[in-house]
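*Asks:* my questions are about this predicted structure, shown below with the sequence.
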Amino acid sequence: MTIRYTIVPRNPEAHLFEVTCTVAKPDLAGQRFALPAWIPGSYLVRDFARHVVSIRAESGGREIALAKIDKQTWRAAPSTRPVAVTASVYAWDLSVRGAHLDATHGFLNGTSVFLRVIGREHERCEVEIRRPAGARYREWRVATAMARDGAPAHGFGRYVAADYDELIDHPVEMGTFDLVRFEACRIPHEIAITGHHDADLDRLRRDLARLCQTQMRFWHGSRVGRPGGPKLPFDRYVFLVTAIGEGYGGLEHRASTALLCSRDDLPEAGVAEASESYRTFLGLASHEYFHTWNVKRLKPAAFVPYDLERENYTTLLWAFEGITSYYDDLLLARAGLIAEKDYLEILGRSVTSLLRTPGRHVQTVSDASFDAWIKYYRQDENAPNAQVSYYLKGSLVALALDLTLRGRTRGRRSLDDVMRSLWTRYAAKGIGVPEDAIEAVAEEVAGTSLRAFFDRALRSTREIQLAPLLAEAGLTLRQREAESAADRGGKPAPDGSARMRRVSLGLRTAADPQGVKVTHVIAASAGERAGIAAGDVIVAVDGLRASGATLEPRLARRRPGERVKLHIFRRDELHEIEAELATPVEDTAYIEMDARANAGARLRAAWLKGK
Ligand SMILES: [Zn+2]
């Protein structure tokens, strides 16, 4: 049996898709239809049904009753004939997780628009994607990894998915995007870029081809893509890129990814070196591509199958997001797309971010995974004090684990082997990864117990001990004070600046027309002791007007232990506060190559070059 869908951008100016779902042999007790509460890969209940503006059911040529039975489910009146439900869905979320439609383009995730026919999730789904009516849409094309079933290449028409799970795992872009094609290990890849941009498309094609090949070889070995070589889990891949003024985000799918980036993150024509912003884009693309294996196929047992009606709990996001975050940049280095020094700078910045998160003393990374739904995805002003990111800490746990495995096996085995072993044992067989399996496989690879390592790294809030592990690779982890609020670490302090005595209030701030807005107050900081709160606007320091440009230099003229007088607005009330300035902590990390360490050179080369 087949479930039939049609989708048409019925009214782009009003941001409305019209979606019809037809069931030939409906449930005789009254067919139920539902929209997902969340989209896999983004662990927050989003209640996509809230964007349904109107909905109706038809059977045998006339309208039948359609009762709403909970926030996301409808039941049609019993019928012995085919039932068709038609919904009008509002699409004005320009993110990788939702749906967006105007007269310039349309983007959709199936979770936003396609009703699930309850009890029929395993049936084949045919989708007719229709062009909007009107001359201005004549040039529109379609980009998606969904298989064509009659539609011309990049055209409107019929597409097909094996089941509902697949249907909602192929986002669709429609409009006048640029299209770039390349092959990696003989697998056709496409990049569809929507939005104004002036990217060097040849460079993008070359770099992504190299990246994709490096990743395929990482998972399947060097014979991948050769005749008789290992089979890849997908036969086509699409990068759906939306370039805007300011933005960053990605969501992984089984044969595609949706990326949102700043247009300036795309490579500039005529510039040979990878700029910092282009490295950010490459890191994002690498992250989502790695997910094609790690989380889309190798996935927690808790996600097999996804329960789309509610939260799905797992303690393993440190691995599925953290290990992915570890390899995203590492594989850029292995692919030769960034230099080793750039990679070490990125690592130094990650360590810096963790050092600036007091929440690492409060929440374990295992708890951070479990509570993603109510914490990571719903961060408030207290988040840095009460939470640790399973991306960030997870990536550094992965680094520590990798270096530990390399150290204990004298360089013979690594985290690469753990990932490939997990792949063979679980993903290749379509089995979900049990909560304790990653640790067990890592211990097998290590040939010794890693209980103490995992208890500390995953289930305690004690610091990860990176310095001794990096030392084995001939690298020195150093810490210093931040130079300024803009200092993200990763590099030594510039010459001559080191001896300036700095002060700290422990505040994170943002520009505000009235002065300086406090966005976060770091736990146990001078600012907290003085009674400054998130949301306060500092309007004067020692009687002089404060602004984003003047606050830091003014404080830099003072010494730890001295007191400053601050005028702040809390809501509309003016307060005068005295704060005692503190000595800043050395929360800025960077990694230096030890010139003498010949012994570490071999381990370092194996790790950074993947040989
Ligand atoms: Zn991710």
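*Replies:* Great, that's in hand.

*Asks:* any regions of the stretch 201-350 of the chain where pLDDT drops low?
*Replies:* Along the stretch 201-350 of the chain, no part satisfies pLDDT under 70.

*Asks:* please enumerate the strands of it.
*Replies:* Shown for the stretch 201-350 of the chain, the strands assigned by DSSP state E, counting those that start in this stretch span residues 237-244, 248-252, 256-262.

*Asks:* of those strands, which is nearest Thr588?
*Replies:* Proximity to Thr588, assessed across the strands of the stretch 201-350 of the chain by CB to CB, is greatest for strand 248-252 (22.6 Å). In this view, the C-beta of every residue, glycine as well, is placed from N, C-alpha and C.

*Asks:* and the closest one, what does it pack against?
*Replies:* Secondary-structure packing of strand 248-252 (3 or more CB pairs under 8 Å, 6 or more residues apart in numbering; DSSP states H and E): strand 256-262, helix 276-291.

*Asks:* can you give me the end-to-end distance of stretch 517-533?
*Replies:* Terminal residues of stretch 517-533 lie 10 Å apart, using CA to CA, to the nearest Å.

*Asks:* what does it rub up against?
*Replies:* 356, 358, 381-385, 504-511, 534-538, 566, 568, 570, 577-582 (CB atoms under 8 Å, 6 or more residues apart in numbering).

*Asks:* give me that answer again for 7 Å
*Replies:* 358, 381, 384-385, 504-510, 534-538, 568, 570, 577-582 (CB atoms under 7 Å, 6 or more residues apart in numbering).

*Asks:* drop anything exposed from the residues you listed.
*Replies:* Neighbour counting by 16 or more other CB atoms under 10 Å classes 358, 384-385, 504-509, 536-538, 568, 577, 579, 581-582 among the contacts of stretch 517-533 as buried.

*Asks:* burial check on the closest residue to Pro82 other than its chain neighbours, number of neighbours?
*Replies:* Spatial nearest neighbour of Pro82, chain neighbours left out: Ala24 (4.9 Å); criterion: CB to CB, 6 or more residues apart in numbering. Other residues near Ala24 come to 13 when the count uses other CB atoms under 10 Å.

*Asks:* go on, Arg558?
*Replies:* By other CB under 10 Å, the residues close to Arg558 number 16.

*Asks:* got the contact list for it?
*Replies:* Going by CB under 7 Å, 6+ apart, Arg558 touches 503, 564, 581.

*Asks:* then the longest helix anywhere in the chain to CSV, C-alphas only?
*Replies:* Assignment by DSSP state H gives helix 201-220 as the longest helix of the chain. Output of helix 201-220 as CSV, limited to C-alpha atoms (Å, rounded to 0.1, in the frame of the first residue of the first chain):
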residue,chain,number,x,y,z
LEU,A,201,31.9,27.8,-6.2
ASP,A,202,34.8,26.0,-7.7
ARG,A,203,36.7,26.2,-4.4
LEU,A,204,33.6,25.0,-2.6
ARG,A,205,33.2,22.0,-4.9
ARG,A,206,36.9,21.1,-4.5
ASP,A,207,37.0,21.5,-0.8
LEU,A,208,33.8,19.6,-0.1
ALA,A,209,34.8,16.8,-2.4
ARG,A,210,38.0,16.4,-0.4
LEU,A,211,36.2,16.5,2.9
CYS,A,212,33.6,14.0,1.8
GLN,A,213,36.2,11.6,0.5
THR,A,214,38.2,11.8,3.7
GLN,A,215,35.1,11.0,5.7
MET,A,216,34.0,8.1,3.5
ARG,A,217,37.5,6.6,3.9
PHE,A,218,37.4,7.2,7.6
TRP,A,219,34.3,5.0,8.0
HIS,A,220,34.9,2.4,5.2
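
*Asks:* for it, what is the distance to the chain centroid?
*Replies:* 19 Å (CA atoms, centre = their mean, to the nearest Å).

*Asks:* how about that helix: buried residues?
*Replies:* The neighbour-count check on helix 201-220 (16+ other CB under 10 Å) flags 201, 203-204, 207-220 as buried.

*Asks:* I'd like to know which elements it is packed against.
*Replies:* Helix 201-220 sits against strand 178-184, strand 187-194, helix 276-291, helix 324-334, helix 415-425, with contacts defined as 3 or more CB pairs under 7 Å, 6 or more residues apart in numbering; DSSP states H and E.

*Asks:* how about the helix or strand just after the last one: buried residues?
*Replies:* Using DSSP states H and E, the next helix or strand after helix 415-425 towards the C-terminus is helix 437-446. Burial within helix 437-446, assessed by neighbour count using 16+ other CB under 10 Å, is assigned to 437-439, 441-443, 445-446.

*Asks:* could you do stretch 160-174 as well?
*Replies:* Across stretch 160-174, burial judged by 16+ other CB under 10 Å covers 160-161, 163-174.

*Asks:* let's have these in JSON lines, adding secondary structure, distance to Leu16 and pLDDT.
*Replies:* Shown next, in JSON lines, are the buried residues of stretch 160-174 (DSSP: H, G, I helix; E, B strand; the rest coil; distance: CB to CB, whole Å; pLDDT from 0 to 100):
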{"residue": "Val160", "secondary structure": "strand", "distance to Leu16": "25", "pLDDT": "98"}
{"residue": "Ala161", "secondary structure": "strand", "distance to Leu16": "23", "pLDDT": "98"}
{"residue": "Asp163", "secondary structure": "coil", "distance to Leu16": "27", "pLDDT": "98"}
{"residue": "Tyr164", "secondary structure": "helix", "distance to Leu16": "23", "pLDDT": "98"}
{"residue": "Asp165", "secondary structure": "helix", "distance to Leu16": "26", "pLDDT": "98"}
{"residue": "Glu166", "secondary structure": "helix", "distance to Leu16": "26", "pLDDT": "98"}
{"residue": "Leu167", "secondary structure": "helix", "distance to Leu16": "21", "pLDDT": "98"}
{"residue": "Ile168", "secondary structure": "coil", "distance to Leu16": "20", "pLDDT": "98"}
{"residue": "Asp169", "secondary structure": "coil", "distance to Leu16": "24", "pLDDT": "98"}
{"residue": "His170", "secondary structure": "coil", "distance to Leu16": "21", "pLDDT": "98"}
{"residue": "Pro171", "secondary structure": "coil", "distance to Leu16": "18", "pLDDT": "98"}
{"residue": "Val172", "secondary structure": "strand", "distance to Leu16": "16", "pLDDT": "98"}
{"residue": "Glu173", "secondary structure": "strand", "distance to Leu16": "18", "pLDDT": "98"}
{"residue": "Met174", "secondary structure": "strand", "distance to Leu16": "14", "pLDDT": "98"}
